[in-house]
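**Q** let me see the structure of the following:
(one chain, ligands or ions: 2)
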Amino acid sequence: MRVLVVGAGAIGGYFGGRMLQAGRDVTFLVRPRRASELASAGLVIKSPNGDVTLKNPPTVQADKLSEKFDIVLLSCKAFDLEDAIKSFAPAVGDKTAIIPLLNGMLHLDALDKKFGAAHVLGGLCAIAATLNDKREVVQLQPMQSLNFGERAGGTSDRVRAIADTFSVVNGATASDHIMQDMWEKWVFLASLAASTCLMRTSVGNILAAPGGKDFLLGILDECSAIAGAAGHMPGGPFFQRTRGLLTAEGSQMTASMFRDIKAGLPVEADHVIGDLIVRADAAKIPVPKLRTAYTHLKAYEKQRGA
Ligand SMILES: NC(=O)C1=CN([C@@H]2O[C@H](COP(=O)(O)OP(=O)(O)OC[C@H]3O[C@@H](n4cnc5c(N)ncnc54)[C@H](OP(=O)(O)O)[C@@H]3O)[C@@H](O)[C@H]2O)C=CC1
Ligand SMILES: CC(C)(CO)C(=O)C(=O)O
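**A** Ligands and ions are numbered 1, 2, ... in the order given. Below you'll find the model as predicted:
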């Protein structure tokens, strides 16, 4: 299957790069700056799971994109979504499956509106990755997973075909309950991002502060209640695992959003946190901790001049 990876940043570069490394038919849709970086230095992945440099990875820019692809793996940030949709639209044919890996949920509405829900699968990834100052993809911890599936649940021929193409990536698995998975991931990510951005430090340091554990678990409860109101209450095993991660003393864990703040980069405040608050308000769920975290993110955006 022909795969178009939209964006060759941290997660697009990582997962697309791993597929390319394994000989899959992968092309990166990139903007001019990234195109010239990839042409001169290659796609460089530094990872506890193995370093690799992929020389001259296939790239295309929006003005030259005309062929249809079987899979579009969407890996831009939420604030670039509108522009990315315009850019990759020519690649979407009758049979194209779009798999978004963005955190949050709102992008599904935008993709459905433009392409029709039948083209849009559910998708998520769990990984800690970033681009360093040399614009290399750096995986910060060994953990990695990539899940995708039919949003109505169950499986399909196209999901089985995608699973075969993605099988070269460790941790890539089809899911027959991807919407539940996406909600659970959102609950975890939002709890982690809200806490580590607001406190400007890792889970371990928050836990070491007075009231830190109550804050972390309070945010987790708020996010879980919102998921529950949407019909996706996080399951017991997820809740136990997430509670464990958010109460692990000494944990260095932070969210990618916190790394972006430290680097002075834009953040997905509305997409990841603001949208949860909109849903909480609609369901009349009080979310004071999440609201404080959102105010902090919006103040950060103001400071950046956004
Ligand atoms: N990093 C992480 O550890 C994780 C991130 N996520 C989520 O994944 C998503 C992507 O994050 P991440 O990979 O970190 O982000 P990055 O900023 O590292 O990468 C995004 C890439 O998208 C590219 N892009 C944006 N618009 C376009 C466009 N129109 N055409 C081509 N390329 C485009 C950007 O290109 P350019 O270089 O030109 O700006 C950039 O390289 C986010 O929603 C994030 O929340 C999820 C799990 C973990
Ligand atoms: C929660 C985590 C680390 C899992 O991939 C993530 O999605 C992020 O930091 O953006």
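
**Q** flag every residue of the stretch 51-200 of the chain that's near ligand 1.
**A** Applying CB under 6 Å from any ligand atom, we find that the stretch 51-200 of the chain lies next to ligand 1 at 75-78, 80, 83-84, 87, 101-103, 125, 127-131. Heads up, the C-betas are built off the backbone N, CA and C, glycines and all.

**Q** just the buried members of these?
**A** Among these, the ones that count as buried by 16 or more other CB atoms under 10 Å are 75-78, 80, 84, 87, 101-103, 125, 127-131.

**Q** quickly check those for the two that are furthest apart.
**A** Largest separation among these by CB to CB: Ser87 and Ala128, giving 26.8 Å.

**Q** just the residues of the stretch 51-200 of the chain next to ligand 1: which are in helices?
**A** Among those, the residues falling in helices (DSSP state H) are Asp83, Ala84, Ser87.

**Q** got the contact list for the first one?
**A** Looking back up the chat, that one is Asp83. Counting by CB atoms under 8 Å, 6 or more residues apart in numbering, Asp83 makes contact with nothing.

**Q** tell me what whichever strand in the chain runs longest is packed against?
**A** Secondary structure of the chain per DSSP state E: the longest strand is strand 137-149. Applying 3 or more CB pairs under 8 Å, 6 or more residues apart in numbering; DSSP states H and E, we find strand 137-149 packed against helix 10-21, strand 43-46, strand 122-131, helix 157-166, strand 172-174, helix 178-199.

**Q** between those, which gets nearest to Pro266?
**A** Among the helices and strands packed on strand 137-149, if distance is taken as CB to CB, the winner is helix 178-199, at 12.9 Å.

**Q** after the closest one, which helix or strand is next?
**A** Next in sequence after helix 178-199, counting helices and strands by DSSP states H and E, comes helix 203-207.

**Q** what residues of that next one count as buried?
**A** Buried residues in helix 203-207 (16+ other CB under 10 Å): Val203, Asn205, Ile206, Leu207.

**Q** now do stretch 147-162
**A** Asn147, Phe148, Gly149, Glu150, Arg158, Val159, Ile162.

**Q** number of residues surrounding the closest residue to ligand 1 within the chain?
**A** With CB to the nearest ligand atom, the shortest gap between the chain and ligand 1 falls at Gly9, namely 1.8 Å. By other CB atoms under 10 Å, the residues close to Gly9 number 22.

**Q** next one: it from Arg135, what distance?
**A** Counting by CB to CB, to the nearest Å, the gap from Gly9 to Arg135 is 9 Å.

**Q** over to Pro57?
**A** 13 Å.

**Q** and what of Asp112?
**A** 33 Å.

**Q** do Phe258 as well
**A** Distance from Phe258 to Arg135, by CB to CB: 20 Å.

**Q** cool, Leu38 as well?
**A** From Leu38 to Arg135 the distance is 9 Å (CB to CB).

**Q** run a quick check on Ala255 versus Cys197, I expect a contact.
**A** Yes - counting by CB atoms under 8 Å, Ala255 touches Cys197, with 6.9 Å between them.

**Q** circling back: kindly indicate which of the buried residues of helix 203-207 lies nearest ligand 2.
**A** Among the buried residues of helix 203-207, Val203 lies closest to ligand 2 (CB to the nearest ligand atom), at 10.9 Å.

**Q** residues near the residue nearest to that closest one when sequence neighbours are not counted, how many?
**A** Excluding the flanking residues, the one nearest Val203 by CB to CB, 6 or more residues apart in numbering is Ser251, at 4.2 Å. For Ser251, the count of nearby residues is 16 (other CB under 10 Å).
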